[in-house]
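S.K.: Please work out how this folds:
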Amino acid sequence: MDEHGIQAVAFDVDGTLIQATMWPLIHGFFGFSVKEDAHLLELYHSGQLSYREWMQVFTDFYRTSPHRREEIEALMTQFAFVDSAQEVARTLSSRYELAVISSSLRNYVSRVAESLSVPHVYAFTSFTYTDDGRFDSIAFSTNGNELEAKVQALKDLAAKLSISPEEIAFVGDSRNDLEAFRLTKHGILVGEGNEELHAASWKQVTSLSELLTIL
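M.R.: Here you go, the predicted structure:
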């Protein structure tokens, strides 16, 4: 435990540890337009589409694709860490239990965690495939939306480590990290965020390397 009472650090993945976001890469691979992707994201953020309705649009579109499993899974190896991500993870692993918590795809998130030697992995979506290797569906490991899922993951992590959620620092960069910030009361916002994230965060940093001055 450090001077702030923190015993574990959990990271969001896309935009926090990884430079680009995996979902837009996958959408583009399947032929979904950037404009339509942005439109649907806005509908989701404004509450006009639920999380599952949002994902169902992609599911229906992906099913029309001839792409096979091998091609799709290969995409999930195409990621680049933000500056200092590997150094930060290596340094913090000597002080804290580390976890990654993401609403992205399990195979991708697991690869990120493995590359950073992070032992605790939470991801809420995965692809299923037909017998001939074509995309079939998006499977969910939780009944809730992505905000609720991150909260549940943090509670699960806390129980696993026999600590309280407030003893976990959660590092994130976007609006789907908001409830995680509120739960832990030790949310660390990377980048600009929005007004709600600023209000809910414990600390704010411009780059991941600044974590080493806080934790």
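
S.K.: Show me what secondary structure element comes after the helix or strand hosting W54.
M.R.: Secondary structure assignment for W54, by DSSP states H and E: helix 51-62. Sequence order places helix 69-75 as the next helix or strand after helix 51-62, per DSSP H and E.

S.K.: Buried ones in the helix or strand following that following helix, by neighbour count?
M.R.: Downstream of helix 69-75, the next assigned helix or strand under DSSP H and E is helix 85-92. The neighbour-count check on helix 85-92 (16 or more other Cβ atoms under 10 Å) flags A85, V88, A89, L92 as buried. The way it works is simple: take the backbone N, C-alpha and C, and place the C-beta from them, glycine included.

S.K.: Give me the neighbour count for the residue nearest to the first one when sequence neighbours are not counted.
M.R.: So that's A85. In this structure, A85 finds its nearest non-sequential neighbour in L17, 4.9 Å apart by Cβ to Cβ, 6 or more residues apart in numbering. L17: 27 surrounding residues under other Cβ atoms under 10 Å.

S.K.: Kindly report the same for N194.
M.R.: With other Cβ under 10 Å as criterion, N194 counts 11.

S.K.: Nearest residue to it in space, please, no chain neighbours.
M.R.: Nearest to N194 is R175, by Cβ to Cβ, 6+ apart, at 6.3 Å.

S.K.: Then M55?
M.R.: Closest residue to M55 apart from its sequence neighbours, by Cβ to Cβ, 6+ apart: I138 at 5.3 Å.

S.K.: Would you mind pulling the contact partners of whatever helix or strand the one you found lives in?
M.R.: Following DSSP H and E, one finds I138 within strand 135-140. Outside strand 135-140, the residues that touch it by Cβ atoms under 8 Å, 6 or more residues apart in numbering are 30, 52, 55, 58-59, 62-63, 65, 67, 69, 72, 124-130.

S.K.: If we use 6 Å, what do you get?
M.R.: M55, T59, Y62, T125, S126, T128, Y129, T130 (Cβ atoms under 6 Å, 6 or more residues apart in numbering).

S.K.: Drop anything exposed from these.
M.R.: With neighbours counted by 16+ other Cβ under 10 Å, the contacts of strand 135-140 contain buried members at M55, Y62, T125, S126.

S.K.: what's the domain layout of this structure?
M.R.: Per the record, the chain has its domains at 8-19+79-213, 23-75, by automatic domain parsing.

S.K.: could I get the ones you listed as CSV with mean pLDDT and distance to D2?
M.R.: What follows is the domains of the chain, written out as CSV (pLDDT from 0 to 100; distance: least, Cβ to Cβ, whole Å):
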stretch, mean pLDDT, distance to D2
domain 8-19+79-213, 94, 7
domain 23-75, 92, 34
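
S.K.: okay, those, which one's buried deepest?
M.R.: domain 8-19+79-213 (a mean of 18; mean count of other Cβ atoms under 10 Å).

S.K.: Now the spatially most central residue of the chain. Nearest residue, chain neighbours left out?
M.R.: What sits nearest the mean C-alpha location of the chain, by Cα atoms, centre = their mean, is S102, with 2.4 Å. With sequence-adjacent residues excluded and distances taken as Cβ to Cβ, 6+ apart, S102 is closest to V13, at 4.0 Å.
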